[in-house]
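Novice: Sequence plus the predicted model coming up.
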Amino acid sequence: MLTYILKRIGFMIPMLVGITIICFAVMHLAPGSPTDLQTQMNPRASAELKERLRAMYDLDKPLHVQYGLWVKRLLVLDLGKSFATDRRPVADKIMERLPITIILNILSLLLILAVAIPLGVLSAVHQDSWFDRVVSVFVFVGFAMPTFWLALLLMIFFGVDLGWLPISGIRSLNYEYLAPGAAGWDLVKHLILPVGISAFGGLAGLSRYMRANMLEVIRQDYIMTARAKGLSEFQVVYKHALRNALLPVITILGLSIPGLIGGSVIFETIFAIPGMGQLFYMSVMARDYPTIMGILFIGAILTLLGNLIADVAYAVADPRIRTA
Amino acid sequence: MFSELWKRFLRNRMAFAGGVIVLFLFIVSLLAPWLSPHDPLAIDLKRILAPPSMEHWCGTDQLGRDVLSRMIWGAGISLKVGFVATGIAVIIGALLGALAGYYGGWWDAVIMRFVDMMLCFPTFFLILAVIAFLDPSIWNIMIIIGATGWMGITRLVRADFMSLKERDFVMAARVMGAGDARIIFRHILPNAMTSILVAATLGVAGAILTESALSFLGIGVQPPTPSWGNILTAGKDNIDIAWWLSLYPGLAILITVLGYNLLGEGIRDALDPRLRGSR
């Protein structure tokens, strides 16, 4: 088991190198030099000053040297200083927003699991029933749904028309004055829409995959054996079939993590949630390059970590994998 | 044989519906100059944010422009971005997949590692980051969406090539003296078209969704050029007073993407004889 984990971690290292190379390439897409931002508007900046500025940032060195210097700083998580007016270190700005994004995504993931697995299982068990057909339609609509549109519609319906749910932030303005129970409920009310809609996109995919998996497992010989043994249908389906069908779902969950992280940009922006996605959007609009690159890098790291966890979880669940 | 596939396709009601939707949108975008009741760029400050009426079936936006006309013209924009972006993705993906599948060995290892690395990035993050470094012109958007969406196609084409290159017709072509390039492009690739076609159709759907998300965030198609996404931006800004700006363009996106998805699934069902009874 330990060797499996170590092998997986070892596999991550070339991925990390590749990620840094791609990030570096993206950084150098911008025409012109990064220091232009500081010197363009200044008519008194002589050519010699621009050269000194570029030398100060090591921009006159050859590309591979710049890359090496950048990676060395990455290793100590020095992501540079933001171009925004506050000039704070990028790592600090990300770290104070990262927990919110992670919690939001974990909640979405849990919601997806809680809804998609039963949907998929019941669809498979009652194949071609009206339930199955309704779920199929729902899945197709779910694949095609622009989630930001759904967010807008639900905001209008629940927030503006009915006034049941708040439509921005994660706390109300009077948060500090609420009793603990009411404060908790306030948090929940703020999170219902973002988490729910964020989960909606992943629901369609996972429930469909679950259904296909269950259908395949139910046709296996060992299920026929279980039935022949006289086990109740409930036991056959929910104890034996489900357990086997559930295994690949773990991998799919790992694969949907980048989608969730990327989607958080839209949701955090629409719902004004102070997470990493909103910071990313604001940085893109403000052309705050260090922050953009920092978040891109962190996003890729999160994806790698998520895949690692999914792989380890799969190995825990399925002993056959550990010996491969 | 082709008529057999055509008959199977027609019998699949969902696929047929998808095809109808796709065709309808195609026609709408072609006939936009004649179909749209108003000029999509015509500003009328006397009628800002007017609700739907006989004059403006879908209301007006924050500058008094007719929403329906902008939606009709926006259809063409969305389709254009969808097709070009997917075209780019298919070209990159098919090329890399063919090389990886046909030559195997070192090519395969390097290309698949590259695919894995690209898949580590949340696609949306990557697209936003690249657009931040360039400016959001329509061409840049098309290229970027294409350049971040080729990974799935590469895997499919590679799988096809790996199985197809062992077939007799390839050996026959080699014996007749065909060079590698000829074998890849004239012999194997046409047989891999099925997967590519399905992936391309579904890819157009995805590209349209991505483009509208980018336009919604303000980094896609820029106003005054109409796009379904940037009408929704106005919908968000006026969320409490203009529900029609949020409802109709999003509905258009939903139906379009649904149509392409159904069409893609339908093609897949019609052309894959080994499909099990379950869908």
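Specialist: Structure's in. What do you need?

Novice: quick one, helices of chain B?
Specialist: In chain B, helices defined by DSSP state H lie at B:2-11, B:13-30, B:32-35, B:67-103, B:105-120, B:123-133, B:138-147, B:151-164, B:168-175, B:180-182, B:189-191, B:193-217, B:228-237, B:243-271, listed in chain order.

Novice: Worst mean pLDDT among those helices?
Specialist: With a mean of 67, helix B:2-11 has the lowest mean pLDDT of the helices of chain B.

Novice: who's in contact with whichever residue of the stretch 201-324 of chain A sits closest to chain B?
Specialist: Taking CB to the nearest CB as the measure, the stretch 201-324 of chain A has A:G262 as its residue closest to chain B, at 3.3 Å. C-betas here are computed from N, CA, C, even on glycine. Taking CB atoms under 8 Å, 6 or more residues apart in numbering or on different chains as the definition of contact, the neighbours of A:G262 are A:299, B:122-125.

Novice: and of these, the nearest to A:I270?
Specialist: Within the contacts of A:G262, distances to A:I270 taken as CB to CB reach their minimum at B:F124, with 13.9 Å.

Novice: all helices for the stretch 1-150 of chain A, in order.
Specialist: For the stretch 1-150 of chain A, the helices defined by DSSP state H, counting those that start in this stretch occupy A:2-27, A:36-39, A:47-56, A:63-75, A:90-125, A:130-144, A:147-154.

Novice: Report the angle between the first one and helix B:123-133.
Specialist: Put plainly, it is helix A:2-27. Taking axes from the mean of the first three to the mean of the last three CA atoms, to 10 degrees, one finds that helix A:2-27 is oriented at 30 degrees with respect to helix B:123-133.

Novice: Can you name the residues of the stretch 201-324 of chain A that neighbour chain B?
Specialist: Near chain B, the residues belonging to the stretch 201-324 of chain A are A:211-212, A:215, A:258-259, A:261-263, A:265-266, A:269-270, A:280-281, A:283-285, A:287, A:289, A:292-293, A:295-296, A:299-300, A:303-304 when assessed by CB under 8 Å from any CB of the partner chain.

Novice: re earlier: let me know the closest of the contacts of A:G262 to B:L63.
Specialist: Comparing these against B:L63 with CB to CB picks out B:F124 as the nearest, at 28.8 Å.

Novice: got a list of what the closest one touches?
Specialist: A:262-263, A:265-266, B:210, B:213.

Novice: If we use 6 Å, what do you get?
Specialist: Residues in contact with B:F124, defined by CB atoms under 6 Å, 6 or more residues apart in numbering or on different chains, are A:262, A:265.

Novice: on that earlier part again, confidence-wise, which of the helices of the stretch 1-150 of chain A is weakest overall?
Specialist: Across the helices of the stretch 1-150 of chain A, the lowest-scoring stretch is helix A:36-39, with a mean of 62.

Novice: how many other residues sit next to A:L75?
Specialist: A count of nearby residues for A:L75, using other CB atoms under 10 Å in any protein chain shown, gives 8.

Novice: And the pLDDT for the residue of the stretch 201-324 of chain A closest to chain B?
Specialist: pLDDT recorded at A:G262 is 87.

Novice: Also the one 4 residues further on?
Specialist: At A:I266, the pLDDT value in this model is 89.

Novice: thought it was touching A:F148?
Specialist: Yes: the pair A:I266 and A:F148 qualifies as a contact (CB atoms under 6 Å) at a distance of 5.0 Å.

Novice: A:M155: what's its closest spatial neighbour, skipping adjacent residues?
Specialist: Counting by CB to CB, 6 or more residues apart in numbering or on different chains, the nearest residue to A:M155 once its immediate chain neighbours are dropped is A:I167, at 4.7 Å.

Novice: my guess is the one you found meets A:V160, correct?
Specialist: No: taking contacts as CB under 6 Å, A:I167 lies outside contact range of A:V160: 7.4 Å.

Novice: now the most centrally placed residue in chain A, what's its secondary structure?
Specialist: Computing the C-alpha centroid of chain A and ranking residues by CA atoms, centre = their mean puts A:I261 first, at 2.2 Å. Judged by DSSP: H, G, I helix; E, B strand; the rest coil, the three-state class of A:I261 is helix.

Novice: Contact residues of the stretch 51-200 of chain A facing chain B?
Specialist: Proximity of the stretch 51-200 of chain A to chain B (CB under 6 Å from any CB of the partner chain) is limited to residues A:143-146, A:148-149, A:152, A:156, A:160.

Novice: Mark which of those are buried, thanks.
Specialist: Burial by neighbour count, judged by 16 or more other CB atoms under 10 Å in any protein chain shown, picks out A:143-146, A:148-149, A:152, A:156 from those.

Novice: Widest-spaced pair of these?
Specialist: For those, with distances taken as CB to CB, the pair at the greatest spread is A:F143 and A:I156 (23.1 Å).

Novice: returning to that earlier point: what kind of secondary structure is the residue nearest to A:M155 in?
Specialist: coil.

Novice: how close does it get to A:E51?
Specialist: Here the criterion is CB to CB, to the nearest Å. By it, A:I167 lies 51 Å from A:E51.

Novice: For A:A317, which non-adjacent residue is spatially closest?
Specialist: What sits nearest to A:A317 in space, not counting adjacent residues and going by CB to CB, 6+ apart, is A:L247, at 5.8 Å.

Novice: Show me what counts as buried in whichever strand or helix holds the one you found.
Specialist: Using DSSP states H and E, A:L247 sits in helix A:242-270. Of all the residues in helix A:242-270, those buried under the rule 16+ other CB under 10 Å are A:242, A:244-250, A:252-254, A:256-270.

Novice: now stretch A:89-99
Specialist: A:89-91, A:93-94, A:97-98.

Novice: Could you dump these into JSON lines and include distance to B:A50?
Specialist: Putting the buried residues of stretch A:89-99 into JSON lines (distance: CB to CB, whole Å) gives the following:
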{"residue": "A:P89", "distance to B:A50": "49"}
{"residue": "A:V90", "distance to B:A50": "45"}
{"residue": "A:A91", "distance to B:A50": "49"}
{"residue": "A:K93", "distance to B:A50": "42"}
{"residue": "A:I94", "distance to B:A50": "44"}
{"residue": "A:R97", "distance to B:A50": "40"}
{"residue": "A:L98", "distance to B:A50": "44"}
